[in-house]
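Student: need a structure here:
(one chain, ligands or ions: 1)
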Amino acid sequence: MKILVTNDDGVHSPALVYLRDELEQFGDVTIVAPEREASASSHAITVHHPLRLYECTLFDGSRGWAVSGTPADSVVLGILKFGTPDLIISGINPGANLGDDVTYSGTVGAAFEAALYDINAIAVSVIDVEEPDYAEAARQTADVVRMSEQLPNPFLLNVNIPPHHNGKRRITTLGRRLWSNNVQERIDPRNKPYYWISGEPKETYDEGTDIHATNHGFISVTPLKLDLTDSSMIERLRALLE
Ligand code: MN
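Tutor: Below you'll find the predicted structure:
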């Protein structure tokens with residue numbers, strides 16, 4: 001198997017090395033990732049200036065490839081330079097990509113880019129930001145990769161691993177994860193206002209969702225697809241607007 005590994009945290013993230021070492025049991029692994037952090041860059045691509053792709057030193061001193069752009073750019077250039085892989089893995093992201101987060105996430109954005117080319121993709125996040133256990137998360141990722149060989153192609157999976165998980169997986173839907181107090185206005189030293197987007201997630205805990213599963217110690221695996229059509233609206237809209 002030919003595997004392309006990317007992320008949104010930058011090519012120097014130790015997570016890439018843990019992932020590569022674990023995934024080498026399946027075949028050739030190439031790391032192509034943004035030269036610097038690009039979290040919350042979603043599925044953005046760079047179209048207004050040229051991109052560079054260059055060999056660089058990874059966290060453990062081995063060699064990888066850096067891209068002067070976004071996670072999705074890294075997928076585009078990875079495919080161009082190294083050919084179409086059988087699988088693209090994006091992560092391991094330190095921090096959850098649950099529920100509505102997937103629309104902001106650069107980690108998931110890279111997986112969406114893979115889906116555009118009908119390439120199998122898995123986005124992986126660990127929920128613990130403070131002390132992420134990348135070695136354990138890489139092993140869990142390998143388990144998912146092993147089982148995904150039975151799946152119809154192409155697939156797009158979003159995996160979230162909670163701290164102190166129970167070792168079991170739940171197949172989930174996306175939950176709701178709204179952010180409260182998500183923008184603050186402050187005053188700079190020149191007396192002008194500036195704004196900072198941040199805040200606390202306000203989660204809903206419906207059973208069957210990724211948020212519910214990870215809150216109960218399970219590893220969540222949510223199958224995603226690019227088609228955002230709301231099928232439930234089609235008939236109503238036809239009656240009203242056609
Ligand atoms: Mn990130």
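Student: Taking the protein, what residue is nearest to the ion?
Tutor: Proximity of the chain to the ion (C-beta to the ion) peaks at S39, 3.4 Å away. Heads up, the C-betas are built off the backbone N, CA and C, glycines and all.
Student: Torsion angles phi and psi at the closest residue to that residue other than its chain neighbours?
Tutor: Residue nearest to S39 in three dimensions, not counting chain neighbours: D8, with 5.0 Å by C-beta to C-beta, 6 or more residues apart in numbering. Torsion angles at D8 (phi, psi; degrees, to the nearest 10) stand at phi -120, psi 10.
Student: Over to R52: give its phi and psi.
Tutor: Dihedral angles of R52 (phi, psi; degrees, to the nearest 10) stand at phi -120, psi 150.
Student: okay, now it: neighbour count?
Tutor: 10 (other C-beta atoms under 10 Å).
Student: I'd guessed it sits against S74; true?
Tutor: No. Contact criterion C-beta atoms under 8 Å: R52 and S74 do not qualify, at 11.6 Å.
Student: what residues are shared contacts of these two?
Tutor: Residues touching both R52 and S74 (C-beta atoms under 8 Å, 6 or more residues apart in numbering) are V67.
Student: Assign a three-state SS to the residue nearest the centre of the chain, would you?
Tutor: Compute the mean C-alpha point of the chain, and by C-alpha atoms, centre = their mean the closest residue is T107, 2.4 Å away. Secondary structure, DSSP: H, G, I helix; E, B strand; the rest coil: T107 is helix.
Student: Test for you: state the pLDDT assigned to it.
Tutor: T107 carries a pLDDT score of 98 in this model.
Student: buried stuff in stretch 7-21?
Tutor: By neighbour count with 16 or more other C-beta atoms under 10 Å, stretch 7-21 contains the buried residues 7-20.
Student: Wait, a helix at P132?
Tutor: No. Looking at P132 with three-state DSSP, it is coil, so not inside a helix.
Student: Tell me how far it lies from A72.
Tutor: From P132 across to A72, the span is 23 Å (C-beta to C-beta, to the nearest Å).
Student: tell me which element the residue lying closest to L226 once chain neighbours are set aside falls in.
Tutor: Leaving aside its sequence neighbours, L226 sits nearest to A115 (C-beta to C-beta, 6+ apart; 5.1 Å). According to DSSP states H and E, A115 maps onto helix 106-116.
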